[in-house]
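J.: Fold the following.
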Amino acid sequence: MSGYILNLPEDEGVVVSGQAARRLVEGGDGDAALLYIAVLRNRGNMDEGKLAGQLGWPEGRLRQALGSLVRQGLAAPPAREAAADAPPRREEDRTWHTVFGSRGDPESIRVQGPGPVPSAIHMDGKAVFRFAVEVVEKSIRQLLTAEGLASVNDLDLVVCHQANARIIDFVAKRLGAREGLFFKNMDRYGNTSAASIPIALDELTEAGALRPGMRIVTVGFGGGLTWAGALLRW
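T.: Below you'll find the model as predicted:
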């Protein structure tokens, strides 16, 4: 969700520094695997070697994921706003801008900690909806400022995390966006988690809808709660 976008600055740095000519950024759904790990741990019947084989992970990666879940108590971190949520700087020669942040909120979305009751994901749908609308709109406004644009309609396309059509429509209305500016494909794929933005970009590429020089905003949000956005010149 937000993780795919957060990888973009790192990969751009590797290419610019000459360490690689091309980099591949993948997006996928890791939530199911992490929930499975949490459930097995809470039941007390985890066989790390067997589980790593089932997931197709090296045991070191499994231990790292388990350690992260344990340190978090299988719940969100204390409520806070990340310092990284500051508006981005404008640099004339850059082909992209990014924003990101986090807000620990164990009431909106969480996985309960170890105990006799089987673990489950708890989500307050209304609270998450309000959060998503707030941070998506804020991220887009910050990216417009970074690029020196006055209106969302100065963009060529906006690609949001494809979680909920109502979230996207609500943000588009609040920003006064023209019809069709916000891309949607949930009717074809549903919510594919962190894969939703790369799938959307691939679909647009295959359709010939993306042209060099287009200004495109991508913005995602996810568990934590976290969010990230990027303005790209294609």
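J.: then stretch 204-214 to PDB, C-alphas only?
T.: Provided in PDB are the C-alpha atoms of stretch 204-214 (Å, rounded to 0.1, in the frame of the first residue of the first chain):
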ATOM      1  CA  LEU A 204      -2.300   2.200 -17.900                       C
ATOM      2  CA  THR A 205       1.000   1.500 -19.700                       C
ATOM      3  CA  GLU A 206      -0.500  -1.400 -21.600                       C
ATOM      4  CA  ALA A 207      -3.400   0.800 -22.700                       C
ATOM      5  CA  GLY A 208      -1.000   3.500 -23.900                       C
ATOM      6  CA  ALA A 209      -2.400   6.000 -21.500                       C
ATOM      7  CA  LEU A 210       0.900   7.100 -20.000                       C
ATOM      8  CA  ARG A 211       3.100   9.500 -22.100                       C
ATOM      9  CA  PRO A 212       6.500  11.000 -21.400                       C
ATOM     10  CA  GLY A 213       6.300  14.300 -19.400                       C
ATOM     11  CA  MET A 214       2.900  13.500 -17.800                       C
END
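J.: Just the buried residues of that stretch, please?
T.: Residues of stretch 204-214 classed as buried: 204, 210 (neighbour count, 16 or more other Cβ atoms under 10 Å). Where you see a C-beta, it was placed from the backbone N, CA and C, and this is true even at glycine.
J.: low pLDDT regions in the protein?
T.: Counting by pLDDT under 70, the chain contains low-confidence residues at 1-17, 23, 25-57, 59-95, 104-106, 109-120.
J.: Do a quick rundown of the helices in it.
T.: 2-6, 8-16, 31-43, 48-55, 59-71, 125-147, 165-175, 186-189, 196-206 (DSSP state H).
J.: pull the CA atoms of stretch 155-172 into CSV?
T.: Only the C-alpha atoms of stretch 155-172 are listed here, as CSV (Å, rounded to 0.1, in the frame of the first residue of the first chain):
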residue,chain,number,x,y,z
LEU,A,155,-2.0,17.0,-13.0
ASP,A,156,-2.5,14.5,-15.8
LEU,A,157,-3.5,11.5,-13.6
VAL,A,158,-3.9,10.5,-10.0
VAL,A,159,-3.5,6.8,-9.0
CYS,A,160,-4.5,6.0,-5.4
HIS,A,161,-4.3,2.7,-3.5
GLN,A,162,-7.3,0.8,-4.9
ALA,A,163,-8.9,0.0,-1.5
ASN,A,164,-12.3,1.6,-1.7
ALA,A,165,-14.0,3.6,-4.5
ARG,A,166,-15.9,5.8,-2.0
ILE,A,167,-12.5,7.0,-0.5
ILE,A,168,-11.2,7.9,-4.0
ASP,A,169,-14.5,9.6,-5.0
PHE,A,170,-14.7,11.6,-1.7
VAL,A,171,-11.1,12.9,-2.1
ALA,A,172,-11.7,13.8,-5.7
